[in-house]
Structure formats: C-alpha cells, structure tokens
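Engineer: No letters, just coordinates:
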DNA sequence: AGTCGATATTGACAGCCGTCGATATACCGG
DNA sequence: CCGGTATATCGACGGCTGTCAATATCGACT
C-alpha cells in the first residue's frame, strides 16, 4: 500500500497510491493520504498563492510580492507557503535575502488525475 | 464574476467561474468559491463516500450500506452526505424508507479541470 | 561590528469541523 | 393505530486551523 512513510507524504505519494477516485472504492489509508493533499490546497489563500506562483513561472515568485498581493500578514503568507511545501506542491530556493517559490511540475496534475471520472 | 448567488454555490458554479488554476491568478471571490468546493471533498470519510457511490453506479448507494462500510456512526455518515450534497457532488433520491445517493455527473471532472496545468 | 531588510518561527486566540449520543421524522408492515 | 426500521437533525465537545503580534534568523551593505 503505497509508501507507508512517516515523513514526506507528498502529493506524488498520494497520487501514486490508487486509481482515479471513481474507479474503485479507496481504502481508509489511501483516503487519508488523498485528503491530506486536498486539504493543503483547499484554502482560499493557498489557492491564490498557487495560482500566482504558477502564473509567474520562469522566475518563481518571491514572498515580498505575494505578501502584498494577498491581503494577509507576512507570517501568515509564510505559513501557507510552508503548508504547500510540506504537501509537495511548492519548492523554495533562496537567492540572497529573498525566497523564491515555484510549482513542483506535475503536482497539480497528479491530483487532477485522481478526480477525473472518465 | 460568475453567479454571485447566496444560496447554492455548487461545484459547477465554482468551475464555471474561472480558467484552470495555473492559467491566471484567481481573485479573492473565485478562490473562496473554489476552496469551498475543495473543502467539501478534502476529508477521508467523504472521499470514501464519493468513491463508494461512484463505484456503485446503476442503482446508487443507500445509506445503510455506506454506514457499515465506513467505520462511522450513522449520524456522521448522514452529515457527510449532506455536505457533499450541498456542495453539488451528490443527489439524493428516496425510495421507500431508503435514501439512495448518486454522483452528479461531471461534478468531479469540473473540479479536475481547474487543477490541471497543461 | 552594526544596522537594515526579508523571511521564518513561536505563542496565543477565535472560529470551524468531525464525531457522537439523543432525539425527531418519515415510512412500512401488521 | 402501533411498533419497528431507516434516515435526518440537534446539541455538545474536543481538536484542528487560519490569523496575528512578537520575536528570531539570516543575508547584505556600510
């Protein structure tokens, strides 16, 4: 049953575990893994962050930009970015004082494939 | 900006509102709508319910079956089913004493399309 | 060294959410 | 009409979560 790891549990793990949601009933553990991934993006602020970062591909987006685009304090934005990283949707690369976040390629698509019914 | 309704706010509404997440940054309201839909399925019990119901297409699934498949009390299952209905993923049809739930066709796919980056 | 600017971490707090037990509602068979 | 069965609703409780203010960390520049 998938990786059974204690630590990372990224989107890829959850996506690798099972067939498209509607294909066959998923077990308890698979459901928890998938739910964890979905919970990570099921938040307005985090959806906007992912969206903004995806749209600014090439350079990645630095936290300073994101902070004033959303209407949230800097610690809160930092927190959301961490959640998205831990879930395997984003990567961070520090360049000087700034931190640039980028989408993990295929992470969203992996999730998307699990939901499709066709 | 989509429908701007107060009441139903189904998956279709959220899906109709905007381009695929990664296409262009989404606004605050769109993010809230989409997050509401995602939150509805971002739960282990509800994922299993959707999965079970999807797999039992043809007749739909009655609550009694679902209740002992999941390891949850009947009121809890009923609650989750209501959440999924309000979000527009399921429909209920009472036949006699029993209630049969079925997937709203295309509801999962609508969500899936919003996540895809290709 | 010392300051400043950018980001991360911590601690606290309010509000939401999943779960349950108890109860209500509705339907069927005698 | 009455008991039984299936489902929904209600109220309560514990735990999780999003947010912020305060603080820590780290890098750059002088």
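Structural biologist: The structure has been received and is ready for your questions. All figures in this text were calculated on a predicted structure; none of them were measured in a lab.
Engineer: Show me what the host helix or strand of residue A:92 is packed up against.
Structural biologist: Taking DSSP states H and E as the criterion, residue A:92 maps to strand A:90-95. Here strand A:90-95 touches helix A:74-86, strand A:98-103, going by 3 or more Cβ pairs under 8 Å, 6 or more residues apart in numbering or on different chains; DSSP states H and E. C-beta coordinates here come from the backbone N, C-alpha and C atoms, glycine included.
Engineer: Wondering if stretch A:11-22 reaches chain B at all.
Structural biologist: Yes: interface with chain B: stretch A:11-22 contributes A:21-22 (Cβ under 8 Å from any Cβ of the partner chain).
Engineer: okay, residue A:24: pLDDT?
Structural biologist: Note on residue A:24: pLDDT of 83.
Engineer: go on, residue A:107?
Structural biologist: Here the pLDDT value assigned to residue A:107 is 96.
Engineer: For chain A, just list every one of the helices.
Structural biologist: A:11-17, A:28-41, A:44-55, A:63-69, A:74-86, A:107-115 (DSSP state H).
Engineer: Can you tell me which of these is nearest to residue B:27?
Structural biologist: Ranking the helices of chain A by proximity to residue B:27 (Cβ to Cβ) places helix A:44-55 first, at 8.1 Å.
Engineer: which residues are contacting the closest one?
Structural biologist: Residues from elsewhere that reach helix A:44-55 (Cβ atoms under 8 Å, 6 or more residues apart in numbering or on different chains): A:40-41, A:60-61, A:65-66, A:69-70, A:72, A:76-77, A:80-81, A:83-84, A:89-90, A:101-103, A:108, B:21-26, B:28, B:31-32, B:34-35, B:38, B:117.
Engineer: now those: which count as buried?
Structural biologist: A:40-41, A:60-61, A:66, A:70, A:72, A:77, A:80-81, A:83-84, A:89-90, A:101-103, A:108, B:21-22, B:25-26, B:31-32, B:34-35, B:38, B:117 (16 or more other Cβ atoms under 10 Å in any protein chain shown).
Engineer: follow-up on the earlier one: check the contacts of helix A:44-55 against DNA strand D, which are close?
Structural biologist: A:72, A:76, A:80, A:83 (Cβ under 7 Å from any atom of the strand).
Engineer: Now residue A:101: closest residue in space that isn't a chain neighbour?
Structural biologist: With sequence-adjacent residues excluded and distances taken as Cβ to Cβ, 6 or more residues apart in numbering or on different chains, residue A:101 is closest to residue A:90, at 4.9 Å.
Engineer: Show the contacting residues for the one you found.
Structural biologist: A:50, A:53, A:81, A:84, A:101-104.
Engineer: in stretch A:93-111, what's buried?
Structural biologist: By neighbour count on 16+ other Cβ under 10 Å, the buried set for stretch A:93-111 is A:99-104, A:107-111.
Engineer: my bad, should have said stretch A:44-62
Structural biologist: Neighbour-count burial for stretch A:44-62 [16+ other Cβ under 10 Å]: A:44-54, A:56, A:60-62.
Engineer: which one of the residues you listed is nearest DNA strand C?
Structural biologist: Nearest to DNA strand C among the buried residues of stretch A:44-62 is residue A:62, at 4.0 Å by Cβ to the nearest atom of the strand.
Engineer: pretty sure the closest one is touching residue A:100, no?
Structural biologist: Yes: Residue A:62 is in contact with residue A:100 according to Cβ atoms under 8 Å; the separation is 5.2 Å.
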